[in-house]
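In: Build the 3D model from these lines:
(one chain, ligands or ions: 1)
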Amino acid sequence: MGELMRQFDWQENVLGNPENWPLQLKQQTGIMLNTPSPMMICWGKDLIRLYNDASIPILGINRHPGALGVSVYQTFAGGQDTIKPLLEKVMGGEAVAFEDFKVRINRNGQEEDVYFDFSYTPITDEYMVIHGILVICTETTAKVAALEGMRIANKEISRSKEVLAIDNEQLSASQKNLQKIVYELAESEHRVRSIVENAPFPIGVYMGKEMRIAFANKAIIDIWGKGSEVIGRKYSELLPELSDQSVFTQMDNVYTTGEPFHARNQRIDLIVDNNPLTYYFNYSFTALKDRQGKIYGVMNTGADVTDSVLAKQLVEETSDELAALNEELAASNEELQAINDQLASTNEELAESRKQLATANEELATSASRLQMAIESTSLGTWEYIPKTGELYWSKELRDIYGIPEHQPPTMEAFASHIHPDDDQWVQLQIATAMDPVKGGRYDLSYRIIRFDNNETRWIKVQGTVYFDEGEAARFIGTAFDITELKEAQEKTAKLAAIIASTDDAIISKTFESIITSWNASAERMFGYSADEMIGESIYKLIPPDRLEEEPLILSRLRSGERVQHFETKRLTKDGRLIDVSVTVSPVKDNAGKIIGLSKIARDITERKLDENRKNDFIGMVSHELKTPLTSLSAILQVAKAKLNNTDDTFLAGAMQKANHQVKRMSTLINGFLNISRLESGKILIEKKPFDLEALIQDVADETRVTATTHIIDVSGCNAIEVNADQDKIQSVVSNFISNAIKYSANGTSIRVTCQRSQNDAIISVQDEGIGIHPTDAERIFDRYYRVESNNTRHISGFGIGLYLSAEIIERHGGRVWLESEVGKGSTFYFSLPL
Ligand code: ADP
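Out: Here you go, the predicted structure:
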């Protein structure tokens with residue numbers, strides 16, 4: 001700036017040549033130019049500006065160097081209003097300063113806000129006359145910045161203080177909370193502990209590999225049943241009974257692997273208070289780990305499910321029973337269904353009956369209207385008599401009953417003359433009585449009449465009423481009916497009843513349900529019960545307990561229309577005696593032939609039976625006595641025959657042969673009688689053992705062929721049949737059948753013995769080509785002593801015991817005998833043996 005000022009053309013300026021400048025101006029300018037701070041001098045009345053280098057930025061680059069030597073008023077264009085009063089004030093002698101004035105300047109090539117303190121000081125001479133103004137500028141930008149920073153900092157601080165205050169408040173609140181939490185924590189730990197301790201399910205904590213019990217709640221202590229001193233003890237020592245129940249292994253696994261273990265419905269057997277008890281548990285073992293994940297123990301929790309498991313088992317067990325029950329139920333349901341079906345059909349029947357009832361009712365109604373017609377057709381005669389006039393009226397039916405000729409009017413005389421002479425007197429008496437006003441009124445008689453037309457005697461029933469008029473019979477009305485047939489029937493019935501009453505046989509009628517409906521006097525005598533006692537009772541009252549099956553058998557035969565005749569059995573009397581009876585039972589039929597009941601005639605054959613027994617005993621005894629001489633006779637004959645065989649005497653030899661044959665016949669007969677007496681006295685014994693049927697039949701056939709050369713005997717189909725029977729007795733049956741076949745058929749004919757095997761039995765038959773048997777004989781041919789009486793059989797000897805014995809033997813084996821026969825063609829006798 002010094003340079004610039006020296007070069008400046010001051011000649012032309014108001015200030016003039018600087019050499020001529022007043023002293024103050026010179027001095028001040030020199031100081032200014034050497035001062036590093038911005039300084040300006042404004043001189044003279046026009047305030048001409050001089051300035052140093054440091055002022056250039058404050059002036060602005062645009063006003064430098066133009067502002068040098070120029071009035072301030074000119075360079076402050078636009079700013080004159082504010083600066084001019086300030087400058088005049090200073091020129092008036094007052095120094096003015098203002099601090100931290102912001103100026104926007106261009107410094108170092110860029111615009112920036114800069115702060116200055118400005119001081120305006122008047123420049124005076126030695127006479128204190130003011131010539132100009134010294135302007136000194138001190139930059140305060142740093143101070144302003146520092147102040148601003150401080151202000152901001154202060155603001156920050158005060159804000160922080162506020163925040164701090166709030167934080168403090170929160171802090172104290174948090175502290176309070178913390179205290180509360182700590183307290184609650186303690187509380188809840190206590191609570192949790194008491195909950196766990198009193199939990200209804202078992203909880204236990206075991207420490208270390210040895211499973212030392214660190215915690216056990218009441219539930220688990222109760223289950224263990226080892227007292228309450230369990231803490232600190234080893235699990236395995238406390239519960240040794242678990243050693244073989246895999247619990248220790250499960251715990252150990254959890255402890256070593258850290259994997260939890262869960263069991264469901266596990267059976268656990270414990271010794272509780274010294275008693276072995278079975279429990280079922282759902283339980284878990286869980287590993288307990290510290291912060292580092294190291295396992296330090298095992299927690300055991302569980303639930304006692306014994307009740308539910310037992311219940312389930314029970315349910316399973318009962319489910320089987322239930323299944324069975326269900327089956328039964330199903331069966332009952334079926335039965336029910338069946339009953340229902342029956343009911344349904346009963347209902348149908350009911351409906352049907354109702355219908356029938358309805359029709360019957362209808363019919364009843366119609367029949368009422370037909371009554372009149374019916375009277376006419378049933379020949380019910382009506383009559384009317386007026387005693388006063390002697391008038392008599394007879395209906396057509398009555399005229400028919402009497403057979404009175406059509407043209408002849410009835411009169412009391414004619415009526416009286418046709419009463420049967422035996423009844424005439426008492427009938428007249430009855431009529432007179434009926435007309436007596438004191439004793440009479442009604443009239444009901446049965447008597448005989450003599451018909452007009454053919455003089456026939458008829459029975460009639462007459463009923464009448466007398467109507468009186470002032471104590472005199474005025475009118476006599478009535479009916480009459482021919483009851484001749486009824487009378488006859490009554491007489492017949494009375495006769496029958498008399499017969500029934502007087503017969504020695506018990507005559508009893510009964511229903512198919514075996515209920516007694518009539519009981520005659522002989523029945524009373526025979527069984528000791530009165531009719532009153534027995535009518536309505538069951539016939540089973542008379543049957544001994546060991547014969548109860550007889551009745552259904554008899555009934556089944558009667559149902560098929562058969563008669564049961566001369567059935568010999570035993571019956572019980574009222575006083576407990578067993579009597580022998582021969583019973584004949586026949587069906588009782590109604591007019592339409594329908595069986596409506598049964599009549600039973602029982603004959604007491606006790607005496608006859610006793611006789612028979614005596615006879616049997618006698619026969620048995622005699623036969624037995626005869627056997628001994630016969631046996632020795634037979635032996636003697638054998639020897640004699642053997643001896644004679646060696647001689648030439650053919651006659652004697654032949655005679656011996658015949659004698660021998662006769663002795664054999666006789667011994668067969670005697671054996672038969674012996675067998676009968678044995679049989680009847682129950683001494684015959686069946687001794688069964690298995691044997692071959694063919695061998696037996698061949699034996700009999702062979703033996704017969706030796707004695708009877710007259711017939712051809714043929715055996716077939718009997719091989720490989722084994723029966724279990726009494727061999728001797730079966731042999732006698734076969735023998736009897738074959739010898740009968742020979743006896744009752746012509747010489748030279750064939751006899752065929754055949755065997756058959758059916759499902760359950762062997763059937764043996766003997767067929768001949770003989771005389772045959774009539775069906776009526778066939779019925780009784782197996783009866784004892786029964787023989788067919790005919791010209792064919794008269795010359796054939798026999799007693800009729802062979803077939804009887806055979807049948808008895810077979811029946812005692814559980815088999816059956818029967819025959820097929822045709823007269824003149826031949827017979828086949830069969831018997832069966834159960835296999
Ligand atoms: P018996 O022959 O000794 O008289 P049975 O009891 O053996 O006694 O026979 C009873 C009756 O049956 C005989 O009298 C006879 O009339 C008849 N009879 C038995 N077998 C035959 C047969 N094969 N052919 C015809 N009639 C027979």
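
In: Whether stretch 698-716 contacts the ligand - can you check?
Out: No - Stretch 698-716 lies out of reach of the ligand by Cβ under 6 Å from any ligand atom, never closer than 11.7 Å. All C-beta atoms are positioned from the backbone trio N, CA, C, and that covers glycine.

In: Give me the residues contacting that stretch.
Out: Stretch 698-716 has contacts (Cβ atoms under 8 Å, 6 or more residues apart in numbering) with 661, 664, 694, 697, 718, 731, 734-735, 738-739, 741-742, 745, 747-755.

In: so what strands line up beside whichever strand or helix holds Val585?
Out: Assigned by DSSP states H and E, Val585 belongs to strand 578-589. Paired strands of strand 578-589, with direction, are strand 564-572 (antiparallel), strand 595-604 (antiparallel) (DSSP bridges).

In: quick one on the thing from earlier: just the contacts of stretch 698-716: which are in strands?
Out: Residues of the contacts of stretch 698-716 located in strands (DSSP state E): 750-755.

In: Which residues of the stretch 601-750 of the chain lie near the ligand?
Out: Residues of the stretch 601-750 of the chain lying near the ligand (Cβ under 6 Å from any ligand atom): 736, 740-741, 744.

In: most neighbours, which of these?
Out: Within those, most neighbours by other Cβ atoms under 10 Å means Ala741, with 26 neighbours.

In: For it, which non-adjacent residue is closest in space?
Out: Excluding its sequence neighbours, the residue lying closest to Ala741 (Cβ to Cβ, 6 or more residues apart in numbering) is Asp768, at 3.7 Å.

In: what's around the residue nearest to Gly69 when sequence neighbours are not counted, how many residues?
Out: Sequence neighbours aside, Asn13 is the residue nearest to Gly69 in space, at 5.2 Å (criterion: Cβ to Cβ, 6+ apart). Asn13: 14 surrounding residues under other Cβ under 10 Å.

In: low-confidence ranges in the stretch 101-250 of the chain?
Out: Scanning the stretch 101-250 of the chain for pLDDT under 70 picks out the ranges 185, 188-189, 191-192, 195.

In: Now with 90, please.
Out: Residue ranges of the stretch 101-250 of the chain with pLDDT under 90: 101-118, 124-128, 137-205, 214-219, 222-223, 225-228, 231-232, 243-246.

In: The stretch 251-400 of the chain now?
Out: Using pLDDT under 90, the stretch 251-400 of the chain drops low at 262-266, 271-282, 284, 286, 288-293, 296, 299, 301-382, 387-388, 395-397.

In: now do the stretch 401-550 of the chain
Out: Low-confidence segments of the stretch 401-550 of the chain (pLDDT under 90): 405-408, 431-432, 435-443, 464, 469-474, 476-479, 481, 485-504, 512-513, 549-550.

In: For Gln5, the count of nearby residues, please.
Out: For residue 5 the amino acid is Met, not Gln. Using other Cβ under 10 Å, Met5 has 17 other residues around it.

In: does it sit in a helix, a strand or a coil?
Out: helix (DSSP: H, G, I helix; E, B strand; the rest coil).

In: so who does it touch?
Out: The contact partners of Met5, by Cβ under 8 Å, 6+ apart, come to 18, 29, 33, 50, 68.

In: For whichever strand or helix holds Glu328, name the packing helices and strands.
Out: Secondary structure from DSSP H and E places Glu328 in helix 306-377. Judged by 3 or more Cβ pairs under 8 Å, 6 or more residues apart in numbering; DSSP states H and E, helix 306-377 is in contact with strand 275-289, helix 396-402.

In: Of all the ones you listed, which one comes closest to the ligand?
Out: For these, the distance to the ligand is smallest for helix 396-402, at 60.8 Å, taking Cβ to the nearest ligand atom.

In: Name the residues of that closest one that are buried.
Out: For helix 396-402, the neighbour count (16 or more other Cβ atoms under 10 Å) marks 397-399, 401-402 as buried.
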